[in-house]
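> Test case, fold it:
(chains A and B)
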Amino acid sequence: MALQFHNSLSRQTEEFTPLRPGQAGLYTCGPTVYNVAHIGNFRAYVFEDLLRRTLKYCGYQVTQVMNLTDVDDKTIRASRHAGKSLAEFTQQFKDAFFADLQSLRIEPAEHYPAATEHIAEMIELVGRLLARGVAYQAEDDSVYFSIERYPKYGCLVNLDPAQSRSSGRVRHDEYAKESVADFALWKAHTAEDGEVWWDSPWGRGRPGWHLECSAMSMKYLGPTFDIHTGGVDNMFPHHEDEIAQSEAATGQQFVRYWLHCAHLIVEGRKMSKSEGNFFTLRDLLGQGFSGREIRYVLLACHYRQALNFTRQSCLDARSALQRIDDFIARLRQTDSAENRDGNPSVEPEETLCQRAKKDFKEALEDDLNIAEALAALFNLVRDGNRRLDQRRMNGREASDILSLLHDFDSVLAVLEADKGEEVPAAIEQLAQQRQQARRDKDFARADALRAELAEQGWSVEDTPDGPRLKPSG
RNA sequence: GGCGCGGUAGCCAAGUGGCAAGGCAGAGGUCUGCAAAACCUUUAACACCGGUUCGAAUCCGGUCCGCGCCUCCA
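Sure thing, here's the model as predicted:
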């Protein structure tokens, strides 16, 4: 089966054929660095990570670009409020963002261009749009893109202005524009911008928000590239405007496949600060959830489906991961055992592994059908456990399954425990003392040691393979 | 009002014309100094009403319910 994606542009699932064979150019809308990103933001970044890893899994060489929006209304307003320079203010949130990406095991992109470092490219793009006659400088000195002079406007979201109703978000201070629908390419400097401005042929000012994505994506990926992603809320106006200004400037198709992920809601309601259901990744880590548990929750829901993020879903993820962890531990035990060549299974494990791998890959190729991919993984876990129970697996077979799980994990990145989940040496020692007491049939001492472990926040479980320690609570 | 998405077991969630995946929770069993865990097995579902078809969760029409967007929110 060939790799296929649901293209927002055509609203159909299409086979993915890259511009250059074997290579995939990917532009993923990144954060506006005016605060710490919330869990809804990370839903999008985890989706993009799954996309990136799937492309690589399917043999593509990926060039991913993720922008950092470090100049816009919000960053300027917030930095002035904080009494810091724009650069100093945004830096802390850039740092926080990259730390969070690491917690969620999101693979780094090839490029993280910041808007403030690409002002020249944006100015150049505005110049081309003016030269082409689709932009104009208004009385307020700002430069706007004219929707009227670009007939193709609206190809992504299919909006009929006559039928539209204002959502109340339209700003009423933009009288300078020829038409309400026109959007800013270059915003003339105002008092509220403070120290933030750059010189341009149209005077001091700063770039409009949409412009950075066009300028930077084309710089790193070329005038036409394969895939552009973002949240559904970015389809309009952001992506619509990107298409307009990019294609008007180059006369070429901008993006070939648009992929948009649905929103995340929390406990069934839209996440918002006023509802009190607003979470950052740090909040969740502080509640005792690990990065990979959160990653699993964000990953396990198909990207075009609204994700209902709940405390229960985090606990479910923990249990599901525990099931895989336990299976891996059993396989390692078998792999390291002496029966490397003994006890062959009745049927060759090739069948088991081959089927799992085929199901897993085909699921991902089908527009990132993660639910099917995880089903393939869990079927392997169940079938493998059954064989282990029946003593129908030798070390070589266990080793093959471990390799396959490792292969799956190049896409999922949830199978290895986080560092914080490791057991401290002192706790390990107590558990071993208890194990010795059990061997000596000194159960009173064993129970006392168990109580002591509990006091230190660890529970101990006696499995056929020896004691297992888990943080309690 | 316009554009779009969705309603599958207690919960989450695949499947889009032919015996309804998977995860969590529940139940039974195995194992076990005790406890717990783990593993195996297993219960249970297609919003409603019509239509097309040999056959519909899947296609078509309608109804009800929920959600998103409609100018700078992933």
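> give me the number of residues near A:H81?
10 (other C-beta atoms under 10 Å). C-beta: built from backbone N, CA, C; applies to glycine.
> Can you pull the domain assignment for chain A?
The record's domain parsing of chain A by automatic domain parsing lists A:17-160+A:174-270, A:313-416, A:423-471.
> Pick out the residue of the stretch 201-350 of chain A closest to RNA strand B.
A:G231 (2.0 Å; C-beta to the nearest atom of the strand).
> okay but A:A176 is in contact with A:D140, surely?
Yes: between A:A176 and A:D140 there is a contact at 3.8 Å, judged by C-beta atoms under 8 Å.
> okay, now A:N41: neighbour count?
Neighbours of A:N41 under the rule other C-beta under 10 Å: 19.
> Nearest spatial neighbour of A:E365, chain-adjacent residues omitted?
Nearest residue to A:E365 in three dimensions, chain neighbours excluded: A:L3, at 4.7 Å (C-beta to C-beta, 6 or more residues apart in numbering).
> Need phi/psi at the one you found.
Dihedral angles of A:L3 (phi, psi; degrees, to the nearest 10) stand at phi -70, psi 130.
> does RNA strand B sit close to the host helix or strand of A:F89?
Using DSSP states H and E, A:F89 falls within helix A:86-103. No: Helix A:86-103 does not reach RNA strand B (C-beta under 7 Å from any atom of the strand); its nearest approach is 10.8 Å.
> Check stretch A:110-128 too.
No: Stretch A:110-128 lies out of reach of RNA strand B by C-beta under 7 Å from any atom of the strand, never closer than 11.0 Å.
> from the middle of its chain, how far away would stretch A:193-209 be?
Put simply, stretch A:193-209 sits 32 Å off its chain's centre (C-alpha atoms, centre = their mean, to the nearest Å).
> Any buried residues in it, and which?
A:D193, A:V196, A:W197, A:W198, A:S200, A:W202, A:G205, A:R206, A:P207, A:G208, A:W209 (16 or more other C-beta atoms under 10 Å).
> What lies in contact with stretch A:283-296?
A:39, A:42, A:46, A:103-105, A:281, A:314, A:317-318, A:320-321, A:413-414, A:416-418, A:420-421, A:473 (C-beta atoms under 8 Å, 6 or more residues apart in numbering).
> ok, 6 Å please
A:S103, A:L104, A:R105, A:C314, A:A317, A:R318, A:L321, A:V414, A:D418 (C-beta atoms under 6 Å, 6 or more residues apart in numbering).
> from those, which has minimum pLDDT?
When those are compared by pLDDT, A:D418 scores lowest at 69.
> what is the mean pLDDT for stretch A:66-79?
For stretch A:66-79, the per-residue pLDDT averages 94.
> and that stretch, anywhere near RNA strand B?
Yes: applying C-beta under 7 Å from any atom of the strand, one finds stretch A:66-79 touching RNA strand B at A:D72, A:D73, A:K74.
> List only buried entries from these.
A:D72.
> Tabulate the residues of stretch A:66-79 next to RNA strand B (CSV), appending secondary structure.
Listed next are these as CSV, based on DSSP: H, G, I helix; E, B strand; the rest coil:
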residue, secondary structure
A:D72, coil
A:D73, helix
A:K74, helix
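> from the residues of stretch A:66-79 next to RNA strand B, which single one is nearest A:V266?
A:K74 (21.8 Å; C-beta to C-beta).
> Skipping its backbone neighbours, what lies nearest the closest one in space?
For A:K74, the closest residue by C-beta to C-beta, 6+ apart turns out to be A:Y34, at 4.5 Å.
> what's the neighbour count on the one you found?
21.
> Direction included, what does the helix or strand of chain A with the lowest mean pLDDT pair up with?
When each helix and strand of chain A is scored by mean pLDDT, DSSP states H and E, strand A:466-471 comes last, with a mean of 77. Its sheet considered, strand A:466-471 pairs with strand A:458-463 (antiparallel) by DSSP bridges.
> Enumerate the residues of the stretch 351-473 of chain A near RNA strand B.
Residues of the stretch 351-473 of chain A lying near RNA strand B (C-beta under 7 Å from any atom of the strand): A:366, A:369, A:371-372, A:374-375, A:378-379, A:381-382, A:385-386, A:388-389, A:438, A:443, A:446-447, A:450, A:459-464, A:468.
> List the buried residues in the least confident helix or strand of chain A.
Those would be A:P467, A:L469, for strand A:466-471 by 16+ other C-beta under 10 Å.
> Identify all contacting residues around it.
A:V423, A:A431, A:Q435, A:W458, A:S459, A:V460, A:E461.
> got the contact list for A:K177?
Contacts of A:K177 by C-beta under 6 Å, 6+ apart are A:Y144.
> before we move on, what SS does it have?
coil.
> Next one, pLDDT for it please.
Reported pLDDT for A:K177: 81.
> Ok, A:T190 next?
Each residue has a pLDDT score; the one for A:T190 is 92.
> and the gap between it and A:E139?
The gap separating A:T190 from A:E139 is 14 Å, by C-beta to C-beta, to the nearest Å.
> Give me the more crowded residue out of those two.
Neighbours per residue (other C-beta under 10 Å) separate A:T190 from A:E139, with A:T190 holding more: 14 against 9.
> got the contact list for that one?
A:T190 touches nothing, counting by C-beta under 6 Å, 6+ apart.
> Kindly provide the distance from it to RNA strand B.
12 Å (C-beta to the nearest atom of the strand, to the nearest Å).
> Tell me, please, where in chain A the pLDDT is lower than the cut-off.
A:159-175, A:274-275, A:336-350, A:418-422, A:464-465, A:472-473 (pLDDT under 70).
> Go again with 80.
Where chain A drops to pLDDT under 80, the residues are A:1, A:157-176, A:180, A:268-269, A:272-277, A:335-350, A:417-423, A:463-466, A:468, A:470-473.
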